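Novice: structure for the following, please:
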Amino acid sequence: QTMSSAEDVEARNTGFCRVLFMRHGLATHNVEWYKRGESAYQDPVNTDSPLTEQGEVQARAAAERLRTGLCGQEPALLLVSPLSRAVQTAALAFEWCAGVPTVADDRLVERQGRGHICNCRRCLDAVRKLYPRLRFCHEDGRMLVDPLALPYADYVQCEGREPIEEVKARALASINDAVRAVTLRLACNAQRKERKPDEPAFVLAVVGHHDVIEAVTGNRTENCCWQEMEVPLPDLCEEVAALPRSFGCAADTPAFWGLTQALSFTRWPGALLAKTFGTKLVPLSRDECSAFVKMGQRNLTKEEAAKCRVLCYGVESRIECEVKSFGDAFVKLDSRSPKDAVYNSVPPGVLSAELAKVGLAASDADETAANKEFIAFLRAANRSMMVHSGREAVLQLFAQSVRVVQDLYKALAHSADASHPATVVVRQFVGIDPQQELRCFVCDGVVTAVSQYFHHCYFPRYSATLGECARAFVEAEIIPLVPQRSFVADLVVSDDATVTLIELNPFHRTTDGCLFDWAADTDLRILTRGPFTFRWRTQCAASALARSHIEPAWRAAITTWKRAHNGDGDPRT
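Specialist: Predicted structure coming up:
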């Protein structure tokens, strides 16, 4: 079901938002600047300088002023620079907004200058570890923080400073993207709050730096003070009108969980199950779901741990019965797979075998070598998901997966089935080659787009024919069997053009768009209205980008393997 009328959409999509642009609290490099000037910015001690104790006091004191100034209205979004002093300030000054998402964007970092390493952030992995609640994308999934390095850091190595016009342009682009993301989310929300014409649709809080704020507002700002501005809402009437109502469901809500469950294997009719691999279902009781969640928290008493183990043994035995029917099996929840469980440790022999198969050669260009390494990682990770018993499924996958714990927690909170909130899906294991997997987008009963699934890899086999093959299969075999008019289907297209359905996902911005960007106007029009478009990578991705998507433990194992094999497939003698 799409939006009801143009008038309804327009009513949800007009007016302005209030942007509050706050400067971070006093940081270590600020204090040092008063003592020795610009040289403090170049001191390695001040790399990504954090708040001082006084800066923390400033941020806490600002919290009450903010609450009063906003009349208790929580911002719809906290948008922050990924530099530590800005993230720390946002956490302290907006502590009263516990449920508001915080998104980091590289475009908000301080103006760059020669040797100013105080404005160089840490690598993405380090930022994630320091600030686990920080997000790095809006709902569309597009990364706003470069996984490798700060894009503007080149100015640190050059004479002069980053032009203020460039600082203003990147900061405004960040703010406009955030306003667009929030506007689209609220425009799709049928439970919206009515407002007066002179009332802002929402508040966007931005925590950044002195030069960035001055570039945007024209005003100088002291630590933990802020400037305000009004930004008109973007015209998204056409995009919103074409979107299914489900697109507006906020994540982590009962509505979104219901949307996910409507497409789960438990709801598939027999005719649809015939289009996929062998599948068995193992319902989980509420107590069993709670046991897995508690075990994931890893802070149980001996008595609690014993009770949880008893419940998990029961799940093991039921999974065991279904696994035996397949021999080799793949086990997941009806919501998501526990693929994160295999990322932290590399099974011996599996990765080595796949690296040998891809034919790494010392003469390969760096992009080609990285592409082969990524393909080997994907194939080895896929094989690592294979289990032969219920015990393997529970201990090696479910008990080690954060994704499983997260989804079971949501199931306990939001599932409409109180007695059996979640289901384990046991499937026949099929070693799907990454080049065979495609993602197909269906909006309002029409196939609008197809993308290669593993979109950071280059595969020579792709052609327009492959996309048409996937489109024809979904139109003829899948759409007539799925009650929902909009969804995303994952498929396997074998070398002989046989197509098999893997799973169904919500037509929602939290579903990876692969080579389509939910936040880009052109792509959103294609995904919602067409014309039909098939996208695939036509050359290898940059080596740094490809390798950044290989999990750290596996990346280290690949490096070790290459050293032992002269950089290619030939062992050292």
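Novice: so residue 39 belongs to a helix, correct?
Specialist: Yes. With DSSP: H, G, I helix; E, B strand; the rest coil as the criterion, residue 39 is part of a helix.
Novice: and for residue 476, the neighbour number?
Specialist: Residue 476 sits with 10 neighbouring residues when counted by other C-beta atoms under 10 Å. (Glycine included, C-beta is placed from N, CA and C.)
Novice: sorry, wrong one. I was asking about residue 438.
Specialist: Neighbours of residue 438 (other C-beta under 10 Å): 28.
Novice: does it touch residue 488 like I think?
Specialist: No. The pair residue 438 / residue 488 is not scored as a contact, 10.9 Å apart, by C-beta atoms under 8 Å.
Novice: tabulate the CA atom coordinates of stretch 460-474 in PDB.
Specialist: The C-alpha coordinates for stretch 460-474 follow below in PDB (Å, rounded to 0.1, in the frame of the first residue of the first chain):
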ATOM      1  CA  PRO A 460      33.600 -11.000 -15.300                       C
ATOM      2  CA  ARG A 461      30.500 -13.200 -15.800                       C
ATOM      3  CA  TYR A 462      28.000 -10.400 -15.300                       C
ATOM      4  CA  SER A 463      26.000  -9.100 -18.200                       C
ATOM      5  CA  ALA A 464      22.600  -7.600 -18.800                       C
ATOM      6  CA  THR A 465      21.300 -11.100 -19.600                       C
ATOM      7  CA  LEU A 466      21.800 -12.100 -16.000                       C
ATOM      8  CA  GLY A 467      19.600  -9.300 -14.700                       C
ATOM      9  CA  GLU A 468      16.800 -10.100 -17.100                       C
ATOM     10  CA  CYS A 469      17.000 -13.700 -16.000                       C
ATOM     11  CA  ALA A 470      16.500 -12.700 -12.400                       C
ATOM     12  CA  ARG A 471      13.700 -10.300 -13.300                       C
ATOM     13  CA  ALA A 472      11.800 -12.800 -15.300                       C
ATOM     14  CA  PHE A 473      12.000 -15.400 -12.500                       C
ATOM     15  CA  VAL A 474      10.700 -13.000  -9.800                       C
END
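Novice: need the helices for the stretch 401-550 of the chain, in chain order.
Specialist: When secondary structure is read from DSSP state H, counting those that start in this stretch, the stretch 401-550 of the chain shows helices at 402-414, 464-473, 521-529, 543-548.
Novice: now do the contacts for the nearest residue to residue 45 once chain neighbours are set aside.
Specialist: Using C-beta to C-beta, 6 or more residues apart in numbering and skipping residues adjacent in sequence, the residue nearest residue 45 is residue 28, 7.7 Å away. For residue 28, the contacting residues are 45-46, 49-52, taking C-beta atoms under 8 Å, 6 or more residues apart in numbering as the criterion.
Novice: the helices of the stretch 401-550 of the chain: which one's closest to residue 258?
Specialist: helix 402-414 (7.3 Å; C-beta to C-beta).
Novice: returning to that earlier point: residue 372 is nearest to which of the helices of the stretch 401-550 of the chain?
Specialist: Nearest to residue 372 among the helices of the stretch 401-550 of the chain is helix 543-548 (9.3 Å), distances taken as C-beta to C-beta.
Novice: that closest one packs against which elements?
Specialist: Contact partners of helix 543-548 among helices and strands, from 3 or more C-beta pairs under 8 Å, 6 or more residues apart in numbering; DSSP states H and E: helix 366-384.
Novice: which residues does residue 386 bridge with?
Specialist: With DSSP bridges applied, residue 386 shows beta-bridge pairing to residue 330.
Novice: what distance do you get for it to residue 326?
Specialist: Distance check for residue 386 against residue 326: by C-beta to C-beta, to the nearest Å, it reads 10 Å.
Novice: correct me, but residue 30 touches residue 210?
Specialist: No. With contact defined as C-beta under 8 Å, residue 30 does not count as touching residue 210 (9.3 Å).
Novice: between these two, who's got more neighbours?
Specialist: In this view residue 30 and residue 210 are compared by other C-beta under 10 Å, and residue 30 has more residues nearby, 22 against 16.
Novice: nearest spatial neighbour of the more buried one, skipping sequence neighbours?
Specialist: residue 223 (7.2 Å).
Novice: so which strand or helix has the one you found?
Specialist: Using DSSP states H and E, residue 223 sits within no helix or strand.
Novice: burial count for it?
Specialist: Neighbours around residue 223, by other C-beta under 10 Å: 21.
Novice: list the residues that contact it.
Specialist: Taking C-beta under 8 Å, 6+ apart, we find residue 223 in contact with 23-26, 30, 55, 58.
Novice: and residue 226, by the same measure?
Specialist: 20-23.
Novice: could you report the pLDDT at it?
Specialist: At residue 226 the predicted local distance difference test score is 94.
Novice: how about it, nearest residue that isn't a chain neighbour?
Specialist: Skipping the residues right next to it in sequence, residue 226 comes nearest to residue 22 by C-beta to C-beta, 6+ apart, at 3.9 Å.
Novice: isn't that neighbour right up against residue 207?
Specialist: Yes. Using C-beta under 8 Å, residue 22 and residue 207 qualify as a contacting pair, with a distance of 5.0 Å.
Novice: all strands for the stretch 401-550 of the chain, in order.
Specialist: For the stretch 401-550 of the chain, the strands identified by DSSP state E, counting those that start in this stretch occupy 422-428, 437-443, 446-452, 487-493, 499-505, 533-535, in order along the chain.
Novice: and for the stretch 1-150 of the chain?
Specialist: Remark: strands of the stretch 1-150 of the chain, listed N- to C-terminal, are 16-23, 77-80, 102-104; assignment by DSSP E, counting those that start in this stretch.
Novice: among these, which comes closest to residue 550?
Specialist: For residue 550, the closest of the strands of the stretch 1-150 of the chain is strand 102-104, at 22.5 Å, according to C-beta to C-beta.
Novice: packing partners for that closest one?
Specialist: If contacts are counted by 3+ C-beta pairs under 8 Å, 6+ apart, strand 102-104 sits against strand 77-80, helix 84-93.
Novice: and these, which is most packed in?
Specialist: Mean neighbour count (mean count of other C-beta atoms under 10 Å) peaks for strand 77-80 among the helices and strands packed on strand 102-104, with a mean of 27.
Novice: and for that one, what's in contact with it?
Specialist: Counting by C-beta under 8 Å, 6+ apart, 86-87, 90, 94, 97, 100-105, 108, 134, 174-175, 178, 181-182, 202, 204-208 sit against strand 77-80.
Novice: do stretch 57-71 as well
Specialist: Against stretch 57-71 from outside (C-beta under 8 Å, 6+ apart): 20, 22, 24-26, 51, 88-89, 92-96, 203, 205, 223-225.
Novice: same check on stretch 360-377?
Specialist: Contact with stretch 360-377 is made by 351, 354-355, 357-359, 434-435, 456-458, 539-544, 546-547, 549-551, 554, 558, 562, 565-569, as judged by C-beta under 8 Å, 6+ apart.
Novice: I'd like to know how many residues surround residue 565.
Specialist: 17.
Novice: and stretch 36-43, average pLDDT?
Specialist: For stretch 36-43, mean pLDDT rounds to 82.
Novice: now do the buried residues in that stretch.
Specialist: For stretch 36-43, a neighbour-count test (16 or more other C-beta atoms under 10 Å) marks 40-43 as buried.
Novice: how about stretch 323-336?
Specialist: Of the residues in stretch 323-336, those buried under the neighbour-count criterion (16+ other C-beta under 10 Å) are 323, 326, 329-336.
Novice: include distance to residue 395 when you put the residues you listed into a markdown table, please.
Specialist: Compiled in a markdown table, these are given as follows (distance: C-beta to C-beta, whole Å):
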| residue | distance to residue 395 |
| --- | --- |
| 323 | 13 |
| 326 | 19 |
| 329 | 15 |
| 330 | 16 |
| 331 | 12 |
| 332 | 16 |
| 333 | 16 |
| 334 | 20 |
| 335 | 20 |
| 336 | 19 |
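Novice: perfect, that will be all.
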